[in-house]
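In: A structural model of the following input is requested.
(one chain, ligands or ions: 1)
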Amino acid sequence: MPVIFSVDVEDWFHILDVGAPVIEDWERLPSRLEANFRRFLDLGAAAGVQITCFFLGWAAARFPALVREAAAQGHEVASHGFGHRLVYEQSPKEFYEDVRRARLLLEDLLGQPVQGYRGPGFSVTKETPWFFEELVKAGYAYDSTVFPAARGHGGLKLERYAPFRMQTPSGPLVEFPVTVVDVGGRPRCFFGGGYLRLFPYAVVRLMTRRVLREGRPAVFYAHPREIDPDHPRLPMSLKRRFKSYVGLRSMKGKIRRVLQDFPITSFARFLADFGESLEEMSP
Ligand SMILES: [Zn+2]
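Out: Numbers count the residues shown, from 1 in each chain. Take a look at the predicted model:
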């Protein structure tokens, strides 16, 4: 089994609910996205791998060249929605419109279909049972928003952690939960964001090997701002500050090693290679 590596393509100010800037102000903030995302593309090129880039629709509209560059380098372009609002803070209709808008925009830029979605903050919970159905209705074939462990912005308990197929009233969907492993009787993540920044690489590698030995892919995630230790800081509580900014200087090196040490793929390529063998389950 491979590692599925993904990047949520957004700027340094797209951190959730810390009194972060609102969408009307984003355009006036000094963007660091182009330089940081190109550094990500360089990491991918150096390792000779293709990954999945979940573009925030707002960022794609502002930097259309980045979308095309990612696709031209063989990476999968997928959707992070348009306005970066938490799933559980939207009505089903608002959510549908946001994710549909992002898909149409990306498809317009690329001239090819977009299959996948990841929501901001992994914010699908048991309070949003309509999530999967609305996503299928908006034209998506897979999702990677379920975080099967306790978490600030949600989390959704699962019986098993491997990717699975599900049926929704709008049609079928494949779910790729963010990877967790049971440690001390609890599901824990080592594979992205603050977790990847916090844990030493030796631990990340050990846990990744364990996941792959269990016969499931390891889903990794990162953000362009996480390989830019000098990006501006937003005001927030000490606890959030730790979670948002710990380990920034170590992140680039860890990502480089993950990309070198494991077979790497994108969600789309994983579906093409292993999609038939996924079991059906309801979330
Ligand atoms: Zn995001």
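In: hey, let's count contacts and neighbours off CA atoms from now on
Out: Will do.
In: Any figure for the gap between Arg118 and Leu206?
Out: Distance from Arg118 to Leu206, counting by Cα to Cα, to the nearest Å: 26 Å.
In: typo on my end, Lys239
Out: 27 Å.
In: repeat for Ile255
Out: Ile255 is 15 Å from Leu206, by Cα to Cα.
In: Which one's more surrounded, the two?
Out: Ile255 (23 against 11; other Cα atoms under 10 Å).
In: contact partners of the helix or strand where that one lies?
Out: Using DSSP states H and E, Ile255 maps to helix 248-261. Contact with helix 248-261 is made by 43-44, 47, 49, 196-197, 201, 205, 226-229, as judged by Cα atoms under 8 Å, 6 or more residues apart in numbering.
In: cool, stretch 125-136 as well?
Out: With Cα under 8 Å, 6+ apart, stretch 125-136 has contacts from 87-88, 92, 95-96, 99, 124, 146, 154-156, 168-173.
In: Could you point out which residue ranges in this protein have low pLDDT?
Out: Filtered on pLDDT under 70, the chain yields no residues whatsoever.
In: Could you pull out the helices in it for me?
Out: For the chain, the helices defined by DSSP state H occupy 23-26, 33-47, 57-62, 64-72, 92-110, 131-137, 193-198, 201-213, 238-245, 248-261, 267-274.
In: So for Asp11, which of the ones you listed sits nearest?
Out: helix 33-47 (5.2 Å; Cα to Cα).
In: okay, the angle between that closest one and helix 64-72?
Out: Put simply, helix 33-47 runs at 10 degrees to helix 64-72, going by axes from the mean of the first three to the mean of the last three Cα atoms, to 10 degrees.
In: For helix 33-47, enumerate the helices and strands it packs against.
Out: Judged by 3 or more Cα pairs under 8 Å, 6 or more residues apart in numbering; DSSP states H and E, helix 33-47 is in contact with helix 64-72, helix 248-261.
In: repeat that for 6 Å
Out: Packing contacts for helix 33-47, counted by 3 or more Cα pairs under 6 Å, 6 or more residues apart in numbering; DSSP states H and E, involve no helix or strand.
In: which other residues reach it?
Out: 11, 224, 260 (Cα atoms under 6 Å, 6 or more residues apart in numbering).
In: Of the contacts of stretch 125-136, keep whichever come out buried.
Out: 87-88, 92, 95-96, 99, 124, 146, 154-156, 168, 172-173 (16 or more other Cα atoms under 10 Å).
In: Among those, which pair sits farthest apart?
Out: Gly154 and Pro172 (23.4 Å).
In: Between helix 33-47 and the longest strand anywhere in the chain, find me the angle.
Out: Under DSSP state E, the strand in the chain containing the largest number of residues is strand 3-9. Angle, strand 3-9 to helix 33-47, by the same axes, to 10 degrees: 160 degrees.
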